[in-house]
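Peer 1: Predicted structure and sequence below. I'll ask about it afterward.
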Amino acid sequence: MITLIDDALLAELCAEAAASPRRRKNRNFHATDGHPAHRLLNAMQPDSYIPPHRHLDPNKDETFVVLRGALGVAMFDDAGEVLRMVKVGPAALCVPGNPLRGQATAIGVDIAHGAWHTAVALEPDTVFLEAKAGPYVPFAADEKAPWAPAENTPGAAPYLGALKARMIDSFQQAGHNRE
């Protein structure tokens, strides 16, 4: 059996994300949370907040490939200072000379275990393919950023807004990814 990753599937997933209280939705291709390889589509709306986190398990490197929209990926140091912000988008946004403002220069990122990071949808209906090792294990206390608000807390929306504004300003000033 195969599952086609086509416009119809992406549109369906984006509609589910838009209707979700978390404003994002996964479509897993792995059968169970215990599966050793997790492969999933992750659809996000711009107001969805993924708190900065890290995966300490050395088998939990994580790969994102953006299929639709634009994703901002931020990397942080242990104190919560931004080390790097990258705008990631589909191949059409990564072509040198593309006239689109703030073009992406990468279609994906690979994030090493232990690195503090978050992802922000910069456009409505952003979808990325995510791959990482299973099984699913909820974040341990030392994998949650102590300097960032938790999801669904009063500080989450202002934190997301400030981070996104910083990203957009940086991308517009640079005209491409900022390192």
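Peer 2: Okay, I see it. Numbers count the residues shown, from 1 in each chain.
Peer 1: Give me the helices and strands touching the biggest helix by length in the chain, please.
Peer 2: Counting residues, the longest helix found in the chain (DSSP state H) is helix 156-174. Counting contacts by 3 or more C-beta pairs under 8 Å, 6 or more residues apart in numbering; DSSP states H and E, helix 156-174 packs against strand 71-76, strand 82-88, strand 116-121. (Glycine included, C-beta is placed from N, CA and C.)
Peer 1: Please identify the buried residues of that helix?
Peer 2: For helix 156-174, a neighbour-count test (16 or more other C-beta atoms under 10 Å) marks 159-160, 163-164, 167-168, 170-171 as buried.
Peer 1: ok so, going back, between the helices and strands packed on helix 156-174, which one is closest to residue 51.
Peer 2: Nearest to residue 51, of all the helices and strands packed on helix 156-174, is strand 116-121, at 6.8 Å by C-beta to C-beta.
Peer 1: Return the distance of that closest one from the chain's centre.
Peer 2: 5 Å (C-alpha atoms, centre = their mean, to the nearest Å).
Peer 1: And for stretch 20-38?
Peer 2: How far stretch 20-38 lies from its chain's middle: 14 Å, per C-alpha atoms, centre = their mean.
Peer 1: let's have the chain start at 337 instead
Peer 2: New numbering, starting at 337: the last item is stretch 356-374.
Peer 1: Which residues are in contact with the most centrally placed residue in the chain?
Peer 2: By C-alpha atoms, centre = their mean, the mean C-alpha position of the chain lies nearest to residue 455, the distance being 3.1 Å. Applying C-beta atoms under 8 Å, 6 or more residues apart in numbering to residue 455 gives the contacts 380, 386, 400, 407-410, 464.
Peer 1: And it, how far from residue 385?
Peer 2: Noted for residue 455: a distance of 10 Å to residue 385, by C-beta to C-beta, to the nearest Å.
Peer 1: swap in residue 484?
Peer 2: Taken as C-beta to C-beta, the span from residue 484 to residue 385 is 9 Å.
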